[in-house]
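In: below are the sequence and a predicted model for it; my questions follow.
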Amino acid sequence: AATPSASPTSSSNPEAAILHSPSPPLDLIPDITSRLTSLEDFFALRASCRAYRAVLPPSRGALACQSPLLLVALFPSFSEALFHLSLRRLHRFRLPWGHHLPPSRRTLHYAHGYLVTATTASSHYPPRLLLLHLFSGEQLRLPKVPAPFTRVIISDNLAAVLFLPGRPNVQHCHPGDALWRVATADAPHVVDDMLFVDGTLYALVNGLRIATVELSDSLLELSFLGEEVDDDSKPAGGQFMLGECGGDVLLISQDHTEMMLYHVYRWVFEVGKWVSITSLGGRTLFLGFFGFAACIGPDYPGIRGDCLYAAGPRLGEWHEYSLADGTCDVRYADYPGAPPLNNNSPIRPPVWVFPSLC
């Protein structure tokens, strides 16, 4: 694209002005960009012209067709890169914590355009969380975390909620807060999973009961939906987690005892129970190593609809499970610097990244 800056000659000469205007025209650029399927193409177009940069901030509309990426480790440095599943291509980038080699800092989650990382806790240094916007570079630092956790979820307004499954305590914090608040559920309730769906916080309590949650400074207020699940209505499988699809609240079970099996249930508010489903309307669910990651709409290039993509136990591994026929394909990220197969190193970043959900 030609430079958009006009010279004195072009300001008085219409033909020269046309020569120096961007091509394609600015009004076509957003539509063109929304159809790009590679981050390299998006940033190359954005960098080609100052006028293009001005009309192309990284946004959901501009990145609408960008496929999910898997955050992977490069050996032996343990630096991080993004792996494009269908193109089998690496996107390398610089991170502000590059000098903090694992296990001193770990990437935990991706939400609303932000990578969520935490320093490793020790007896002298509690962990701290950093939210880094992957495309704008904005950084949000949160206070020291007072209690252990394994799961982190982020709300639309970037409130962070931390918890340890099987415990009654939940920690929560907004950007700008000086301290974390610790809310506790009344005995004998414990929280097994939590998820924001359309601005409402849901919790999976005592195994399979679902409740909406209100967080206060010290109290976890639970409003249960439906009755307790009995043996006759208990969903099949194990390792239950919450999910969402198109605004519906889902229950997802994993069973890897003999073969890889996944079951998906939708909460039906009208009847107050979980109902098994085998279709997602062409959408795809993504599961991280510790819990639900995201649901994306149909027609993403190289992504199968009505499937679950689950991060595997080994570095760079994921499972593609079809809800339609129950088949499961195991995939591996093959790239320069990939770890050896069957590597179960705890220093892994099993994190899904969704540019279209920034």
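Out: Perfect, I can see it now.

In: and L225, how many neighbours does it have?
Out: 15 (other C-beta atoms under 10 Å). Heads up, the C-betas are built off the backbone N, CA and C, glycines and all.

In: same question, Y125
Out: Neighbours of Y125 under the rule other C-beta under 10 Å: 11.

In: which non-adjacent residue is nearest it?
Out: Leaving aside its chain neighbours, Y125 sits nearest to T119 (7.1 Å; criterion: C-beta to C-beta, 6 or more residues apart in numbering).

In: the one you found against R128, yeah?
Out: Yes - contact criterion C-beta atoms under 8 Å: T119 and R128 qualify, at 5.2 Å.

In: and F75, how close does it get to A311?
Out: 18 Å (C-beta to C-beta, to the nearest Å).

In: more neighbours, those two?
Out: Per other C-beta under 10 Å, whichever of F75 and A311 has more neighbours is A311, with 22 against 15.

In: got the contact list for the more buried one?
Out: In this structure, A311 makes contact with L70, L287, G288, F289, A293, E317, W318, P350, V351, W352, judged by C-beta atoms under 8 Å, 6 or more residues apart in numbering.

In: for the residue positioned nearest the centre of the chain, give its distance to C49.
Out: Ranked by distance to the mean C-alpha position of the chain (C-alpha atoms, centre = their mean), the top residue is Y110 at 3.8 Å. To C49, Y110 is 29 Å away according to C-beta to C-beta.

In: before we move on, what about E227?
Out: In terms of C-beta to C-beta, E227 sits 61 Å off from C49.

In: quick one on the thing from earlier: in the sheet, who's paired with the residue nearest to the centre of the chain?
Out: L115 (DSSP bridges).

In: that older thread, who has more neighbours out of E227 and C49?
Out: Taking other C-beta under 10 Å, E227 and C49 do not tie; C49 has more neighbours (20 against 10).

In: phi, psi of that one?
Out: As for C49, its main-chain torsions (degrees, to the nearest 10) stand at phi -160, psi 140.

In: residues in contact with the closest residue in space to L74 that isn't next to it in sequence?
Out: Distances taken as C-beta to C-beta, 6+ apart place G337 nearest to L74, at 3.9 Å, with adjacent residues excluded. Contacts for G337 (C-beta under 8 Å, 6+ apart) come out as L74, F75, S77, A81.

In: please tabulate the contacts of A311 in a markdown table and include pLDDT and neighbour count as additional columns.
Out: Formatted as a markdown table, the contacts of A311 follow (pLDDT from 0 to 100; neighbours: other C-beta atoms under 10 Å):
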| residue | pLDDT | neighbour count |
| --- | --- | --- |
| L70 | 92 | 22 |
| L287 | 96 | 23 |
| G288 | 92 | 19 |
| F289 | 83 | 16 |
| A293 | 96 | 25 |
| E317 | 85 | 20 |
| W318 | 91 | 22 |
| P350 | 74 | 24 |
| V351 | 90 | 24 |
| W352 | 95 | 24 |
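
In: now, the most widely separated pair of those?
Out: Across the contacts of A311, the longest distance by C-beta to C-beta is 15.0 Å; it joins A293 and E317.

In: poorly predicted segments of the stretch 251-358 of the chain, please.
Out: Across the stretch 251-358 of the chain, the ranges flagged by pLDDT under 70 are 258, 341-349.

In: nope, the stretch 1-150 of the chain is what I meant
Out: Where the stretch 1-150 of the chain drops to pLDDT under 70, the residues are 1-22, 98-103, 121-124.

In: that one: strands as residue ranges?
Out: Counting by DSSP state E, counting those that start in this stretch, the stretch 1-150 of the chain has strands at residues 69-74, 79-84, 89-92, 105-111, 114-119, 128-133, 139-144.

In: got the contact list for K273?
Out: Counting by C-beta under 8 Å, 6+ apart, K273 touches G226, S233, W267.

In: contacts for stretch 211-218, please.
Out: 161, 170, 172, 181-184, 194, 200-203, 205, 220-225.

In: mind listing the helices for this structure?
Out: 8-12, 14-19, 29-33, 39-47, 50-55 (DSSP state H).

In: the residue nearest to S253 when sequence neighbours are not counted: neighbour count?
Out: Excluding its sequence neighbours, the residue lying closest to S253 (C-beta to C-beta, 6+ apart) is G237, at 2.9 Å. Here the number of neighbours of G237 (other C-beta under 10 Å) works out to 18.
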